[in-house]
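[1] pasting the sequence and the predicted model now:
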Amino acid sequence: MSETPYLEGLNEPQKQAVLHTDGPLMILAGAGSGKTRVITHRIVHLIHQGVAPNNILAVTFTNKAAKEMRERVTTLTQKYFPSDRAVIDSQPTVTTFHSLGVRLLREFHDTLGLRRHFTIYDRSDSQKAVKQSIEKAGYNPKEFEPRKILSIISRAKGDAITLLAFKDSANSFPEQVAAEVWDKYEEILKAEQALDFDDLLVKTLFLLKEHPPVRTKLQERYKYIHVDEYQDTNRVQFTITELLAGEAHNICVVGDIDQNIYSWRGADIKNVLQFERHFPRATTILLEENYRSTQTIIAASNDIIKKNQNRVEKNVFTNNHKGEKLTLYAGMTGYDEAEYVAMTAKNLVADGADPSSIAVLYRTNFQSRSLEEAFLNFEVPYQLLGTKFFERKEVKDVLSYLRLALNPGSNADLTRVINTPARGIGKVTMLKVIEGNRADLNKGALEKVQKFDVIMSDIAKTATEKPLSDTIKFIMKRSGIEDELKDERTEEALERLENLRELVTLATRYDEVEPSEAVEQLLESAALQSDQDELKEKEEQDAVRLMTIHAAKGLEFAYVFITGLEEGLFPHERLDDGKTDQEEERRLFYVALTRAEKKIFLTYAHMRTIFGSQRVNVPSSFLNDIDTKHVESANPSESGGKSGYETTIYLD
């Protein structure tokens with residue numbers, strides 16, 4: 001047996017990365033190149049070299065990834081050091097950034113004047129506290145949406161901007177309001193002895209920066225640092241790892257610029273691009289061999305990503321077999337596309353594929369609605385990762401307005417929408433309205449309720465006179481939901497708006513039906529589909545996965561469908577400003593392609609109904625970036641295995 005048995009089975013660049021122990025190291029790891037294997041074997045090598053396990057730190061982003069890495073490290077140490085109690089009893093620290101923050105803040109709570117068992121605010125707690133802070137600052141939560149203000153504060157914290165610096169740089173009125181609210185929010189957190197998610201990192205950074213004895217102690221403890229998914233780090237996370245690395249710079253980062261898809265969350269691609277500037281003696285190793293996908297899939301993904309300018313040049317390759325061509329299907333409509341996906345998935349299962357080895361990916365959440373419907377119709381077991389279409393808050397809100405218009409006695413719907421969006425109608429007022437005690441309301445409360453009555457009266461009138469799709473549009477506008485989401489201008493709000501636009505599209509199916517009956521049919525359809533979905537999820541564990549591409553990052557499947565490949569949809573055009581980040585969208589497509597092991601199906605629709613109007617589509621520009629020799633058409637009318645681009649309808 002060799003002195004280093006843990007190196008067996010590693011390729012040459014992987015071995016170099018494992019054996020490089022001292023000084024800064026950047027591993028640029030292509031998709032499916034075995035990066036977790038490299039990190040875990042590098043940890044084993046450090047232990048073999050005499051480094052105490054508790055002097056090794058590995059940080060990643062998700063609990064799932066940390067758990068998997070921790071289990072692998074434990075398995076390897078037990079395998080290679082079976083009788084070394086010192087090693088087995090003293091495991092390396094493998095954790096997420098936030099968990100590391102909690103651990104350090106609890107340990108050094110006295111230094112920061114914190115209780116050891118401080119409260120951690122989740123997103124919901126933070127939103128409530130921000131709402132209180134808006135009121136304390138003398139503003140109206142109806143005018144300044146708490147979620148939006150929290151988003152501004154969170155982004156600033158992630159960029160390592162202090163409250164004082166934010167106040168100094170606040171130029172616009174909304175920024176000045178956010179600064180005042182932030183001040184009050186901090187007062188609430190302090191009074192409650194609480195930290196929010198961002199504080200877990202910000203306070204850790206403060207601890208390291210402002211308390212040299214603590215910093216020195218932690219640098220001596222964590223002598224060898226590993227950071228996974230380095231392309232996803234923000235400013236605060238980067239600075240924490242830089243401070244922990246100290247002057248020794250024994251830091252190993254693993255990342256892939258081509259998979260940087262979270263810039264909207266604060267992930268800074270410069271952390272990878274400028275690594276060698278921050279750590280001048282850095283060694284860079286490329287892991288370019290892919291162990292997951294076929295040669296055809298790798299060739300297609302290389303065709304896509306090489307168009308990006310903002311990246312480190314690398315050429316991913318594989319020694320796997322050539323594999324099948326990518327199949328391209330052009331549906332006449334969005335529903336044709338969904339039927340093709342469901343039917344093809346059904347055939348794959350009939351041919352022996354496990355349903356759970358099939359993934360259907362889409363760029364935005366609203367696309368799931370027609371796919372869910374097709375999977376139900378074709379009786380293909382599926383599991384939607386994320387919230388089901390009819391269970392999304394904004395969809396339920398609009399349907400509640402519709403139900404209440406039809407049935408004014410529905411207290412459940414009244415309770416849901418009377419203050420959605422916020423109208424200053426409190427619980428006491430609402431209770432009196434439900435009990436029929438309006439005479440007990442003061443003048444101000446009565447005026448607010450009467451304004452809501454007018455809104456509902458307008459909706460009820462529209463619902464009995466107009467086509468259903470026009471009624472849904474009217475509810476979005478008249479209720480104030482549409483304006484609220486547009487004003488918020490966050491990624492989440494825009495996605496919720498797109499879901500409502502898809503509800504309008506669904507409603508067009510009922511436009512030929514008499515209005516009141518159309519309302520009933522839509523509400524019945526929504527209720528029944530929701531029940532079926534719940535039943536499916538309980539019964540079918542082995543099911544086709546439906547999810548956004550963002551949710552698929554880090555996962556792998558034998559068969560992958562990438563849907564909605566149309567200009568404006570993917571690459572995605574933002575609803576608020578019509579802009580597209582071509583490089584990030586291309587990275588997202590690259591991530592989608594590299595999830596697949598065996599086979600990829602690419603689909604788009606010539607016409608898609610969006611917001612109740614039929615739109616003629618130009619196929620995604622990404623399709624033209626893939627060499628046609630890697631693509632075959634699934635459309636029977638196209639002979640000779642052409643790519644399928646030829647059937648495209650173009651409008652000047």
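    Cool, got the structure. Residues are numbered from 1 along each chain as shown.
[2] which residues in the stretch 401-550 of the chain form strands?
    With DSSP state E, counting those that start in this stretch as the criterion, the stretch 401-550 of the chain has strands at 544-548.
[3] just the helices in it please.
    Counting by DSSP state H, counting those that start in this stretch, the stretch 401-550 of the chain has helices at residues 411-417, 427-435, 443-465, 468-478, 481-488, 491-507, 515-539, 549-552.
[4] helices or strands up against the fifth one?
    Looking back up the chat, that one is helix 481-488. The contact analysis (3 or more C-beta pairs under 8 Å, 6 or more residues apart in numbering; DSSP states H and E) places helix 481-488 against helix 146-158, helix 393-406, helix 468-478, helix 491-507. No exception for glycine: its C-beta is placed from N, CA and C like everyone else's.
[5] with just CA atoms, put stretch 458-478 into PDB.
    The C-alpha coordinates for stretch 458-478 follow below in PDB (Å, rounded to 0.1, in the frame of the first residue of the first chain):
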ATOM      1  CA  ASP A 458     -66.000  47.600  -8.500                       C
ATOM      2  CA  ILE A 459     -64.500  44.100  -8.700                       C
ATOM      3  CA  ALA A 460     -67.900  42.500  -8.400                       C
ATOM      4  CA  LYS A 461     -69.300  44.600 -11.200                       C
ATOM      5  CA  THR A 462     -66.300  43.900 -13.500                       C
ATOM      6  CA  ALA A 463     -66.500  40.100 -12.700                       C
ATOM      7  CA  THR A 464     -70.100  40.000 -13.900                       C
ATOM      8  CA  GLU A 465     -69.500  42.000 -17.100                       C
ATOM      9  CA  LYS A 466     -66.000  41.500 -18.400                       C
ATOM     10  CA  PRO A 467     -64.100  38.500 -19.700                       C
ATOM     11  CA  LEU A 468     -62.300  36.700 -16.900                       C
ATOM     12  CA  SER A 469     -58.800  37.700 -17.900                       C
ATOM     13  CA  ASP A 470     -59.800  41.400 -17.900                       C
ATOM     14  CA  THR A 471     -61.300  40.800 -14.400                       C
ATOM     15  CA  ILE A 472     -58.000  39.400 -13.100                       C
ATOM     16  CA  LYS A 473     -56.100  42.300 -14.600                       C
ATOM     17  CA  PHE A 474     -58.600  44.700 -13.000                       C
ATOM     18  CA  ILE A 475     -58.200  43.000  -9.500                       C
ATOM     19  CA  MET A 476     -54.400  43.300  -9.800                       C
ATOM     20  CA  LYS A 477     -54.700  47.000 -10.500                       C
ATOM     21  CA  ARG A 478     -57.800  48.000  -8.400                       C
END
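[6] picking that back up, now the helices of the stretch 401-550 of the chain as TSV including mean neighbour count and mean pLDDT?
    Shown next, in TSV, are those (neighbours: other C-beta atoms under 10 Å; pLDDT from 0 to 100):
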stretch	mean neighbour count	mean pLDDT
helix 411-417	18	85
helix 427-435	14	87
helix 443-465	15	93
helix 468-478	22	95
helix 481-488	18	86
helix 491-507	21	88
helix 515-539	15	65
helix 549-552	20	90
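[7] using a markdown table, lay out the helices and strands packed on helix 481-488 together with distance to Phe97.
    Putting the helices and strands packed on helix 481-488 into a markdown table (distance: least, C-beta to C-beta, whole Å) gives the following:
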| stretch | distance to Phe97 |
| --- | --- |
| helix 146-158 | 11 |
| helix 393-406 | 29 |
| helix 468-478 | 38 |
| helix 491-507 | 21 |
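[8] closest one to Ala170 among the ones you listed?
    Ala170 sits nearest to helix 146-158 of all the helices and strands packed on helix 481-488, at 9.9 Å, using C-beta to C-beta.
[9] from the contact counts, what lies against that closest one?
    Using 3+ C-beta pairs under 8 Å, 6+ apart, the elements in contact with helix 146-158 are helix 123-136, helix 173-191, helix 197-210, helix 235-245, helix 481-488, helix 491-507.
[10] who are the packing partners of the helix or strand following it?
    Going down the chain from helix 146-158, the next helix or strand is helix 163-169, by DSSP states H and E. Counting by 3+ C-beta pairs under 8 Å, 6+ apart, the packing neighbours recorded for helix 163-169 are helix 173-191.
[11] buried stuff in the helix it packs on?
    177-186, 188-189 (16 or more other C-beta atoms under 10 Å).
[12] dump these into JSON lines; add pLDDT and distance to Asp199 as well.
    Formatted as JSON lines, the buried residues of helix 173-191 follow (pLDDT from 0 to 100; distance: C-beta to C-beta, whole Å):
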{"residue": "Val177", "pLDDT": "92", "distance to Asp199": "21"}
{"residue": "Ala178", "pLDDT": "93", "distance to Asp199": "17"}
{"residue": "Ala179", "pLDDT": "94", "distance to Asp199": "17"}
{"residue": "Glu180", "pLDDT": "95", "distance to Asp199": "19"}
{"residue": "Val181", "pLDDT": "95", "distance to Asp199": "16"}
{"residue": "Trp182", "pLDDT": "96", "distance to Asp199": "12"}
{"residue": "Asp183", "pLDDT": "94", "distance to Asp199": "15"}
{"residue": "Lys184", "pLDDT": "95", "distance to Asp199": "15"}
{"residue": "Tyr185", "pLDDT": "94", "distance to Asp199": "11"}
{"residue": "Glu186", "pLDDT": "93", "distance to Asp199": "9"}
{"residue": "Ile188", "pLDDT": "90", "distance to Asp199": "12"}
{"residue": "Leu189", "pLDDT": "89", "distance to Asp199": "7"}
